[in-house]
Every structure is written in structure tokens, then in C-alpha cells.
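> would you be able to build a 3D model of this:
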Amino acid sequence: MTQKVVVIYSGGMDSYTVLHKALRDGHDVYALSFNYGQRHVKELKCAEQVCAELGVKHKIVDISAINQLLSGSSLTSDIEVPEGHYAADNMKSTVVPNRNMILLALAVGYADSIGARAVYYGAHSGDHFIYPDCRPEFVQKMNDVCQIANYEPVDIVSPYLAQTKIEILRDGLAMGLDYSKTWTCYNGREKACGKCGSCQERLEAFALNQAVDPLSYE
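Residues are numbered from 1 along each chain as shown. This is a model prediction of the structure:
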């Protein structure tokens, strides 16, 4: 039976794969994207284009006003995006305080309002070390809360929680997905920088899958 689900869809390669996984599983997908003031807002344009091509119902919600409360991240504040591979001391500045809890809470509210019983998001094992709100214990606790937060329970689903970005890409390539329709770079320029942690991780995933990244790099 077709199930109505909400997919938090940033426009990046992980959520792009999650979106297609939900569609391949036969769900009635409602994609939800957030403008939280991220400098890499180009990802939202990718999300919009993909959903239009797929005929997926899609909302982009502007919550950038919350930045007056959430300072200190290089993704949203006037702080230089660090270069180099992911490491706690290098990438901690890319943490947006409480971001996933906020986004999940909004997505669950949306899900409940349209009668969807699950919210999908793209946390993966490569994020566990740096981002507390991508760790299994966080997902489990959020799922526990979302079972009782409304009259009807809503499941928090992270299909790649135990997989790496390398494995996510491998799954997506097996599905025949076109990753030129995604955006990963933390810098909001015309081409991907190839130097920030997000670019480095993406390029590594393609290399280890013996595949060529279709994005253009500076």
C-alpha cells in the first residue's frame, strides 16, 4: 500500500539519493526544503529543478530569520568555510546549532498536517563524528518523541544511517541517478570549490566508486 511520506530534501547528493529511494519504495513523496540562510543556497535551486522534473510535490520554506538566534557557523555567518578533509577540529565550524532538530520538528509538523506517517532525512555514518544531530542516538530519541508529539505517530527514517557517503553514492549509481543535478559545495559560488570538506568527501566517494563526478570544479 502506498504510504505518504515527507522527505527533507536539501538538494545535496545524500538527500537526492534518499528522495529516489523513497520513490523507488513506492511512497507518495512530499519533498520539503529549507532556506535557513545557508551560503550554499544553490542546493535549493537543484532541489527545485529535480522535483519539477520528477513531478514530486515540493515546498521550499524560508526560515532564515532563525539565524538571529543561531550564530557561529561558517555555513550561515560571515566565517570562512574551512578547507581540507572532514575532521572534528577542521569542520566543527560548519555545525549549525540544533539544525536537524529544528528541521525535523518542522517536517514532522508538516507530515502530521498532510497525514504522512514518516519523515525521511539523509544522516549517514560519515557525519557521526562531527555532527551530533546525525548520530544514531539522536535519530532514535527524535523518533521516540515523534511517536507521542501528535495524536498520530510519525516515524523518523534515516535509511543510510549506518552507511557511508561512499555506500550512499554506490546505491545511487546502481539506481542510475544523475548526480549533476545535486550540489554539495559549502561555498555559494558558480562552480564547486573542490577544497572544502564537503567537496573533498564527495570527490572521495566518486573516486572510491571508480566513477567521475559530473560537477564542474574551480
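> mind listing the strands in this protein by residue range?
Ranges of strands in the chain, per DSSP state E, are 4-8, 28-35, 57-62, 118-120, 155-157.
> tell me the angle the second one makes with strand 4-8.
Spelled out, it's strand 28-35. Using axes from the mean of the first three to the mean of the last three Cα atoms, to 10 degrees, the inter-axis angle of strand 28-35 relative to strand 4-8 is 30 degrees.
> surely residue 45 is in contact with residue 35?
No - the criterion here is Cβ atoms under 8 Å, and residue 45 misses it with residue 35 at 10.8 Å. Where C-beta positions appear, they are placed from N, C-alpha and C, glycine not excepted.
> number of residues surrounding residue 121?
27 (other Cβ atoms under 10 Å).
> lowest-pLDDT helix or strand in the chain?
The helix or strand of the chain with the poorest confidence is helix 88-91; it has a mean of 51 (mean pLDDT, DSSP states H and E).
> could I get the strands of the chain as TSV with distance to residue 51, mean neighbour count and mean pLDDT?
Converted to TSV, those look like this (distance: least, Cβ to Cβ, whole Å; neighbours: other Cβ atoms under 10 Å; pLDDT from 0 to 100):
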stretch	distance to residue 51	mean neighbour count	mean pLDDT
strand 4-8	10	24	98
strand 28-35	5	21	96
strand 57-62	4	14	97
strand 118-120	14	26	98
strand 155-157	19	20	97
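> which one of those strands lies nearest to residue 213?
Among the strands of the chain, the nearest to residue 213 by Cβ to Cβ is strand 28-35 (22.4 Å).
> for that closest one, which strands pair with it and how are they oriented?
With DSSP bridges as the test, strand 28-35 is paired with strand 4-8 (parallel), strand 57-62 (parallel).
> so which of those comes closest to residue 218?
Of all these, it is strand 57-62 that lies closest to residue 218, at 26.5 Å by Cβ to Cβ.
> what's next to that closest one, contact-wise?
Residues outside strand 57-62 that contact it (Cβ atoms under 8 Å, 6 or more residues apart in numbering): 9, 29-35, 44, 47-48, 51-52, 106, 110.
> most widely separated two among those?
52 and 106 (22.2 Å).
> can you tell me how far the closest residue to residue 213 other than its chain neighbours is from residue 47?
Excluding the flanking residues, the one nearest residue 213 by Cβ to Cβ, 6 or more residues apart in numbering is residue 206, at 4.3 Å. As judged by Cβ to Cβ, to the nearest Å, residue 206 and residue 47 stand 20 Å apart.
> neighbour count: the two, which is higher?
Using other Cβ under 10 Å, the more surrounded residue of residue 206 and residue 47 is residue 47, with 27 against 19.
> give me the pLDDT for the more buried one.
Looking at residue 47, its pLDDT is 97.
> starting at the chain centroid, how far to stretch 45-63?
Relative to its chain's centre, stretch 45-63 lies at 13 Å (Cα atoms, centre = their mean, to the nearest Å).
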